[in-house]
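# Give the three-dimensional model of this entry:
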Amino acid sequence: MMLRIRSRDGLERVSVENPLATTVSDLKRIIQTQLGIPVHNQTLSTNQNLLLAKSLEDLLRFTDMSNLDASLSSLNLGHGSIVFLAYEGERRVAGPAFNPAGSFGRKMTMDDLIAKQMRVTRQENPHCELVSFDRDCANAFQHYVNDTLAFAVKRGGFMYGTVSEVGKVEVDFIYEPPQQGSEDNLVFFRDPEEEKFVEAIAVGLGMRKVGFIFTQTITQDKKDYTLSNREVLQAVEYHAESGLKEWATAVVKLEVNEEMGGADVHFEAFQMSDVCVRLFKEGWFETEIKEDDDPKLSKMKKDVVVGVKDTREVDNDFFLVVVKIADHQGPLSSSFPIENRNTQVTMKALKNHLERSKNLPFVKRISDFHLLLVLARVLDLNADVPALTECVQTQTSVPEGYQILIESMASTA
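Model prediction:
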């Protein structure tokens, strides 16, 4: 039987002579013999997230292969199965045959020399210390993809908030552009006019665009990757466009627990590594993805060095830097209907919202980004929007003239 072993060095193979009688302990000895990694340095798991572990505490969470006497068959491991391996220390990995440059080998071009210097390694530390999500905006996003879309198609948006001096990102609202999602793909139909309103509101609230958020579909839960090649391309495009070193990418997915018969919604946060952003900006990525391409590998137009290998296929995990997640209660609510979903947001929604919140101070009633976006479409972008957002940011009384104007807009419904 052949098992595939995926580690930080890529995908390797080991041969198991008697699979039915082989235990986890036996497999560790086989890996030591065939791959040269000492048994005591190995942590094994069938969970791909093992490769994202950063500390001993993280490694200890992966216990599915901690019983050394468990047989491989009891773990549902068969011919061609993937086992994920984390290990301490350094090792030499056998590389491809190498033809030296010079009089006895091929001449190296300038592209060859550049490629030799483009080394892809894991980035240990993010520039973003932490991503904290406003509970209301996170719930509004995940409830829609869970209750309405049932995680059947992808959904995404841009995260807005603040960045502290120590690199902590606080997400206070999510703007969802016009889009089309399928099982494997997410396409934004970006509207420059609408985004002009969004940016004006963000500036008035003392906020800025801080990241990209998207969902993975229920079918992707069965795949052995953290982000697909399409997702890496889209995430790094927005990261590169932002020019913000603390830019974060958040993934929302439904993890099915077959044993418990339920499912849980999970938020995960990453940064695209510095080398990933550089490769994208310099045009190294193959941007045309074919149907039969392996989704867990990103293709390059030229060779890069991964470990000791020259390759044009890079495991997507090399491009991901894990970021811690927290939550907070931000200054805005997220109870107003959200833009660019299945139903159009009208003035009737404004009327209903104001009636529901009539017991609150007026500034609280309009402290919702999605409501402010509706108002921005009809008010003066250079005068009215800054005046209203300043009231919301400072939580001071809204001038009576604006209250009358907004209530009269609602009464037209």
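# Just after the helix or strand bottoming out on mean pLDDT in the chain, pick out the following helix or strand.
Using mean pLDDT, DSSP states H and E, helix 110-117 stands out as the lowest-scoring helix or strand of the chain, at a mean of 56. Following helix 110-117 in sequence order, the next helix or strand is strand 119-120 (DSSP states H and E).
# Direction included, what does the next helix or strand along the chain from that following strand pair up with?
Tracing the chain past strand 119-120, the next element assigned as helix or strand by DSSP H and E is strand 130-134. Strand 130-134 pairs in its sheet with strand 168-175 (parallel), strand 325-328 (parallel), by DSSP bridges.
# now those as TSV including mean neighbour count and distance to Phe318?
In short, each C-beta sits where N, CA and C put it, glycine included. Listed next are these as TSV, based on neighbours: other C-beta atoms under 10 Å; distance: least, C-beta to C-beta, whole Å:
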stretch	mean neighbour count	distance to Phe318
strand 168-175	24	23
strand 325-328	14	21
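# which ones are touching Lys154?
Gly181, Ser182, Glu183, Asp184, Asn185, Leu186, Phe214, Thr215, Gln216, Thr217 (C-beta atoms under 8 Å, 6 or more residues apart in numbering).
# The closest residue to Lys54 other than its chain neighbours: neighbour count?
The spatially closest residue to Lys54, leaving aside those adjacent along the chain, is Val322, at 6.5 Å (C-beta to C-beta, 6 or more residues apart in numbering). For Val322, the count of nearby residues is 18 (other C-beta atoms under 10 Å).
# Dump the strand or helix carrying Val322 to PDB, restricted to CA.
Per DSSP H and E, Val322 falls inside strand 320-323. Output in PDB follows, covering the C-alpha atoms of strand 320-323 (Å, rounded to 0.1, in the frame of the first residue of the first chain):
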ATOM      1  CA  LEU A 320      -1.000  31.500   4.300                       C
ATOM      2  CA  VAL A 321      -0.100  33.200   7.600                       C
ATOM      3  CA  VAL A 322      -2.500  32.300  10.400                       C
ATOM      4  CA  VAL A 323      -4.000  35.300  12.300                       C
END
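# Partner strands of it, with direction?
Strand pairing for strand 320-323, using DSSP bridges, gives strand 262-272 (antiparallel).
# Please work out the average pLDDT along the partner strand.
Mean pLDDT, strand 262-272: 92.
# CA atoms only: put it into PDB for me.
Extracted C-alpha coordinates of strand 262-272, given in PDB (Å, rounded to 0.1, in the frame of the first residue of the first chain):
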ATOM      1  CA  GLY A 262     -24.600  18.500  13.400                       C
ATOM      2  CA  ALA A 263     -22.500  21.300  11.900                       C
ATOM      3  CA  ASP A 264     -20.800  24.400  13.200                       C
ATOM      4  CA  VAL A 265     -20.000  27.700  11.500                       C
ATOM      5  CA  HIS A 266     -16.300  28.600  11.800                       C
ATOM      6  CA  PHE A 267     -14.400  31.900  11.100                       C
ATOM      7  CA  GLU A 268     -10.700  31.600  10.200                       C
ATOM      8  CA  ALA A 269      -8.400  34.500   9.500                       C
ATOM      9  CA  PHE A 270      -5.100  34.700   7.400                       C
ATOM     10  CA  GLN A 271      -2.800  37.000   5.800                       C
ATOM     11  CA  MET A 272      -1.400  36.300   2.400                       C
END
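# Return the set of buried residues in it.
Ala263, Val265, Phe267, Glu268, Ala269, Phe270, Gln271, Met272 (16 or more other C-beta atoms under 10 Å).
# can you put those in a markdown table and add distance to Thr287?
Listed next are the buried residues of strand 262-272 as a markdown table, based on distance: C-beta to C-beta, whole Å:
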| residue | distance to Thr287 |
| --- | --- |
| Ala263 | 33 |
| Val265 | 31 |
| Phe267 | 28 |
| Glu268 | 24 |
| Ala269 | 25 |
| Phe270 | 20 |
| Gln271 | 21 |
| Met272 | 15 |
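# So which of those is the closest to Leu35?
For those, the closest approach to Leu35 (C-beta to C-beta) belongs to Phe270, at 27.9 Å.
# Contact partners for Ser367?
Contacts of Ser367 by C-beta under 8 Å, 6+ apart are Pro331, Leu332, Ser333, Val392, Gln395.
# How about the third one, nearest residue that isn't a chain neighbour?
Taking C-beta to C-beta, 6+ apart, and ignoring the residues beside it in sequence, Ser333 has Asp368 as its nearest neighbour in space, at 4.8 Å.
# List only buried entries from the contacts of Ser367.
Leu332, Ser333, Val392.
# how many neighbours does the closest residue to Arg91 other than its chain neighbours have?
Once flanking residues are discounted, Arg91 sits nearest to Gly36: 5.6 Å by C-beta to C-beta, 6+ apart. As a burial measure, Gly36 scores 11 neighbours (other C-beta under 10 Å).
# any idea of the pLDDT on Gly36?
The model reports Gly36 with a pLDDT of 88.
# And it, how close does it get to Tyr238?
Distance from Gly36 to Tyr238, counting by C-beta to C-beta, to the nearest Å: 40 Å.
# Contact partners for Val24?
Residues near Val24 by C-beta under 8 Å, 6+ apart: Leu44, Met65, Ser66, Asn67, Leu68, Asp69, Ala70, Leu72, Leu75.
# Any chance of a PyMOL selection covering the buried ones in those?
The PyMOL selection below is limited to those of these classed as buried (16+ other C-beta under 10 Å):
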select buried, resi 44+65+70+72+75
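# And the strands in the stretch 51-200 of the chain, which stretches?
For the stretch 51-200 of the chain, strands defined by DSSP state E, counting those that start in this stretch occupy the ranges 82-87, 119-120, 130-134, 156-163, 168-175, 179-181, 186-188.
# can you list those in CSV and add mean pLDDT and distance to Val251?
Listed next are the strands of the stretch 51-200 of the chain as CSV, based on pLDDT from 0 to 100; distance: least, C-beta to C-beta, whole Å:
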stretch, mean pLDDT, distance to Val251
strand 82-87, 91, 19
strand 119-120, 92, 21
strand 130-134, 97, 11
strand 156-163, 98, 10
strand 168-175, 98, 14
strand 179-181, 96, 14
strand 186-188, 97, 12
